[in-house]
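Novice: missing the sequence, but the structure's below:
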Ligand code: HEM
């Protein structure tokens, strides 16, 4: 696919159907998990439809991804559904654009530098050990809701220093707030959006309390919040209280659903692929009781391949929406200003030319460095809006995986539906029922 500015003679717009007036094909898009596959089969690598009232072009190939990622703010600008925009708040990095976005991204990145990441390792290990002990004591369990609590506890501890966040008022408010993120933006007391909007205010009050207490404390603390309170840009400016609140809320959200989906997919896929599991255990044996540092984790190359393959086969984020700022051209088709583009992560990852037998789990495909084609492997997006927390996410996934590989095993319980629900993030329909055992007990 080639991508460029529009030519003198206008090209046609991409093939496809707009569907019903206003809502277009929104319902099929959300309900049919094979919607995009069927459309691509019919129209090829690029097609148009109408989603949430907007003409929308779907793209799924590396050249189109590259074009979208390299022209943020020129041809494209990030966009989110109205409910998400309202609940994230105007000062959230995910909604900021242009120079403000770049400046804020630099500030927030301080919480994800290697030194900061090293400082998070002990806390993740402690929480992982507490949860896995409990799971082993339970034996049979429905794992997905437990994994949600686990990732929320990790996020609360690492981001704002809060213990057992999932069991606190902040945790409860946060769950109701999350339920409204992708909803109809009608703010009535009984609608999902209305409840979430009320929770947003209460959550911001809770976060403000934590920030103010921290600002008055003699010790700055060991979490992301302490780094963000101290962070200054090139002009010596820090983040205001209002902005800190929105940014902390964004970080809590950005890491929670995505990481839960990723580790649940890992747990499912290795249980279904015992050979992979054996190889992972053999690699761990080579590291025996080596202390976990960024350096030792980096040396676990097979684990790295497995996690890459998990994120390829079941990417937690299916794609990203962009508003078209200026008419441009993709693969000989005109993309008019005002339309929306969706770069599709999941479909990009299923390209059989790049990934033979693309729908099978084969970590060895990542053994070769050259196989990691930049714009064909995009679980974290790309360009100037690439996931800010990707190293944090990789670290948490690795620490979780290593602890469980060394001490535990699990098997899938019979009679459950393992097909994936895809909204808001992929997870098994019956929430992943397993028998979980400590290895010394076997
Ligand atoms: C496996 C886990 C994760 C996946 C798959 C993931 C995926 C993504 C993707 C695809 C984007 C780009 C969206 C777009 O192009 O519109 C993104 C953005 C972002 N992610 Fe993640 N993410 C993960 C974990 C995290 C974590 C742990 C954090 C922070 C604690 C985080 C923070 C962010 C932020 C702040 C952005 C917005 C960046 C910007 O607009 O400049 N993510 N993520």
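Specialist: Yes, it's here. What you are looking at is a predicted structure, and each value in this text was computed from that prediction instead of being measured. Numbers count the residues shown, from 1 in each chain.
Novice: and the residue of the protein closest to the ligand?
Specialist: Using Cβ to the nearest ligand atom, residue 389 is the residue of the chain that sits closest to the ligand, at 2.1 Å. To be clear about C-beta, it is placed using only N, CA and C from the backbone, and glycine gets the same treatment.
Novice: what strand or helix carries the closest residue in space to that residue that isn't next to it in sequence?
Specialist: Distance criterion Cβ to Cβ, 6 or more residues apart in numbering; nearest residue to residue 389, sequence neighbours excluded, is residue 255 at 5.4 Å. Here residue 255 is covered by helix 241-272, with elements defined by DSSP states H and E.
Novice: low-confidence bits of the stretch 301-442 of the chain, can you list those?
Specialist: Applying pLDDT under 70 to the stretch 301-442 of the chain flags residues 369-372, 441-442.
Novice: any chance you could map the helices in it?
Specialist: In the stretch 301-442 of the chain, helices defined by DSSP state H, counting those that start in this stretch lie at 301-313, 345-348, 390-407, listed in chain order.
Novice: go ahead and confirm residue 318 touches residue 420.
Specialist: No: if you go by Cβ atoms under 8 Å, residue 318 and residue 420 don't touch, sitting 11.1 Å apart.
Novice: number of nearby residues for the residue nearest to residue 438 when sequence neighbours are not counted?
Specialist: Taking Cβ to Cβ, 6+ apart, and ignoring the residues beside it in sequence, residue 438 has residue 136 as its nearest neighbour in space, at 4.3 Å. The number of residues packed near residue 136 is 19, by other Cβ atoms under 10 Å.
Novice: just to revisit the earlier point, thought the residue of the chain closest to the ligand was touching residue 251?
Specialist: Yes: if you go by Cβ under 8 Å, residue 389 and residue 251 touch, sitting 7.1 Å apart.
Novice: comparing these two, which residue is more hemmed in?
Specialist: For residue 389 and residue 251, the more surrounded residue by other Cβ under 10 Å is residue 251, and the numbers stand at 25 against 21.
Novice: test my guess that the more buried one contacts residue 224.
Specialist: Yes: with contact defined as Cβ under 8 Å, residue 251 and residue 224 form a contacting pair (6.8 Å).
Novice: mutual contacts of the two, please.
Specialist: Common contacts of residue 251 and residue 224 (Cβ atoms under 8 Å, 6 or more residues apart in numbering): 111, 159.
Novice: near the residue nearest to residue 389, how many other residues are there?
Specialist: Should you count by other Cβ under 10 Å, residue 255 turns out to have 22 residues around it.
Novice: and it, what does it touch?
Specialist: Residue 255 sits in contact with 151, 155, 159, 389, 392-393, 396, where contact means Cβ under 8 Å, 6+ apart.
Novice: and if we set it to 7 Å?
Specialist: When contacts are counted by Cβ atoms under 7 Å, 6 or more residues apart in numbering, residue 255 touches 155, 389, 392-393.
Novice: same question, residue 36
Specialist: Residues in contact with residue 36, defined by Cβ under 7 Å, 6+ apart, are 58, 344, 347.
Novice: count of residues packed around residue 158?
Specialist: Here the number of neighbours of residue 158 (other Cβ under 10 Å) works out to 27.
Novice: separation between it and residue 151?
Specialist: Computed with Cβ to Cβ, to the nearest Å, the distance linking residue 158 and residue 151 is 11 Å.
Novice: same question for residue 194.
Specialist: Using Cβ to Cβ, one obtains 27 Å as the distance from residue 194 to residue 151.
Novice: neighbour-wise, which of those two wins?
Specialist: Under the neighbour definition other Cβ under 10 Å, residue 194 and residue 151 were set side by side, and residue 151 has more, 25 against 16.
Novice: show me which positions of stretch 130-149 end up buried.
Specialist: When neighbours are counted by 16 or more other Cβ atoms under 10 Å, the buried residues of stretch 130-149 are found to be 131-132, 135-136, 141, 143-144, 146-149.
Novice: check the offset of it from the chain's centre.
Specialist: Relative to its parent chain, stretch 130-149 has a centroid offset of 22 Å by Cα atoms, centre = their mean, to the nearest Å.
Novice: same deal with stretch 72-90?
Specialist: The chain centroid and the centroid of stretch 72-90 are separated by 16 Å, computed with Cα atoms, centre = their mean.
Novice: start and end of that stretch, how far apart?
Specialist: From the first residue to the last, stretch 72-90 extends over 19 Å; the measure is Cα to Cα, to the nearest Å.
Novice: how about that stretch: buried residues?
Specialist: Going by 16+ other Cβ under 10 Å, stretch 72-90 has these buried residues: 72-73, 75-81, 83-89.
Novice: contact residues of this protein facing the ligand?
Specialist: Applying the criterion Cβ under 6 Å from any ligand atom, the portion of the chain that neighbours the ligand consists of 78, 93-94, 105, 250-251, 254-255, 258-259, 262, 316-317, 320, 379-381, 385, 387-389, 392-393.
Novice: just the buried ones among these, please.
Specialist: Applying 16+ other Cβ under 10 Å to these, the neighbour count classes 78, 93-94, 250-251, 254-255, 258-259, 262, 316-317, 320, 379-381, 385, 387-389, 392-393 as buried.
Novice: distance of the closest residue to residue 102 other than its chain neighbours from residue 233?
Specialist: Nearest-residue entry for residue 102: residue 384, 6.9 Å, with adjacent residues in sequence omitted and distances by Cβ to Cβ, 6+ apart. The spacing between residue 384 and residue 233, counted by Cβ to Cβ, is 16 Å.
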